[in-house]
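> when you get a sec, could you give me coordinates for this:
(2 chains)
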Amino acid sequence: AQKITQTQPGMFVQEKEAVTLDCTYDTSDPSYGLFWYKQPSSGEMIFLIYQGSYDQQNATEGRYSLNFQKARKSANLVISASQLGDSAMYFCAMSVRDAGNKLTFGGGTRVLVKP
Amino acid sequence: DSGVTQTPKHLITATGQRVTLRCSPRSGDLSVYWYQQSLDQGLQFLIQYYNGEERAKGNILERFSAQQFPDLHSELNLSSLELGDSALYFCASSVSLGSPTDTQYFGPGTRLTVL
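Below you'll find the predicted structure:
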């Protein structure tokens, strides 16, 4: 079975600083994808960044980067230069080929950016 | 805007009733996924359709059913509603069926309240 663990239920970050959100995963399937989604208070789920299990380089998308450490089974999200609009819930998720590519989600981390 | 549409945005109904949630995937996407987000169980996969056929089932109750139509829109039917069915229901879509690297794009969700 697949499992995603996000150990930080909530955190504060100062505007313009960087923040790292932790995510560890567990699967025995060698082919998987790791995703981060943002859920603002309005409720929608916004895709941020993706990392494939065979990707050699860490993914980056604008201010978002994914610190992928395969041996440690971690896929931490780094948000650089935090903005007030980054205040939201952040979910780490995984899809696995043998599980039909459904997404398995972690419990989420709530980020509050302070001015 | 992810390109995935869901209607209605909000739904308030009574226990024992039946409701239908509707989803239109992004243009070109053949896979549709349904997820439930509740306070006690987090985000859980319910069911997946690909090009009109059911392809994977998760923790979907027998009182719930879904289908995907020839125009690729999907409906999730919830019957004999209970208080515990109150949740945010998401539809997501992706291009294909078989790759864990496919990104799933989420609709805005339907917030169901059962009174």
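> ranges for the strands of chain B?
Ranges of strands in chain B, per DSSP state E, are B:5-7, B:10-13, B:19-24, B:31-38, B:42-50, B:53-57, B:64-68, B:74-78, B:87-94, B:105-106, B:110-114.
> same list (these) but as JSON lines, adding mean neighbour count.
Placement of C-beta: from N, CA and C, glycine included. Listed next are those as JSON lines, based on neighbours: other Cβ atoms under 10 Å in any protein chain shown:
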{"stretch": "strand B:5-7", "mean neighbour count": "16"}
{"stretch": "strand B:10-13", "mean neighbour count": "14"}
{"stretch": "strand B:19-24", "mean neighbour count": "19"}
{"stretch": "strand B:31-38", "mean neighbour count": "24"}
{"stretch": "strand B:42-50", "mean neighbour count": "21"}
{"stretch": "strand B:53-57", "mean neighbour count": "14"}
{"stretch": "strand B:64-68", "mean neighbour count": "19"}
{"stretch": "strand B:74-78", "mean neighbour count": "20"}
{"stretch": "strand B:87-94", "mean neighbour count": "25"}
{"stretch": "strand B:105-106", "mean neighbour count": "21"}
{"stretch": "strand B:110-114", "mean neighbour count": "18"}
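> may I see those organised as TSV, with mean pLDDT and distance to A:Leu21 added?
Listed next are the strands of chain B as TSV, based on pLDDT from 0 to 100; distance: least, Cβ to Cβ, whole Å:
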stretch	mean pLDDT	distance to A:Leu21
strand B:5-7	98	27
strand B:10-13	98	30
strand B:19-24	98	29
strand B:31-38	96	19
strand B:42-50	94	16
strand B:53-57	92	28
strand B:64-68	97	32
strand B:74-78	98	30
strand B:87-94	97	21
strand B:105-106	96	19
strand B:110-114	98	25
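> out of these, which comes closest to A:Glu44?
In terms of Cβ to Cβ, the element of those nearest to A:Glu44 is strand B:105-106, at 6.8 Å.
> got the contact list for A:Leu34?
Counting by Cβ atoms under 8 Å, 6 or more residues apart in numbering or on different chains, A:Leu34 touches A:23, A:25, A:50-53, A:66, A:68, A:75, A:92-94.
> what stretches of chain A score poorly on pLDDT?
For chain A, applying pLDDT under 70 flags the ranges A:99.
> what does chain B have sitting close to chain A?
Within chain B, the positions near chain A by Cβ under 8 Å from any Cβ of the partner chain are B:2, B:31, B:33, B:35, B:42-45, B:48, B:55-56, B:58, B:88, B:90, B:92, B:94, B:97-109, B:111.
> what is the end-to-end distance of stretch B:8-28?
This stretch, stretch B:8-28, spans 22 Å end to end (Cα to Cα, to the nearest Å).
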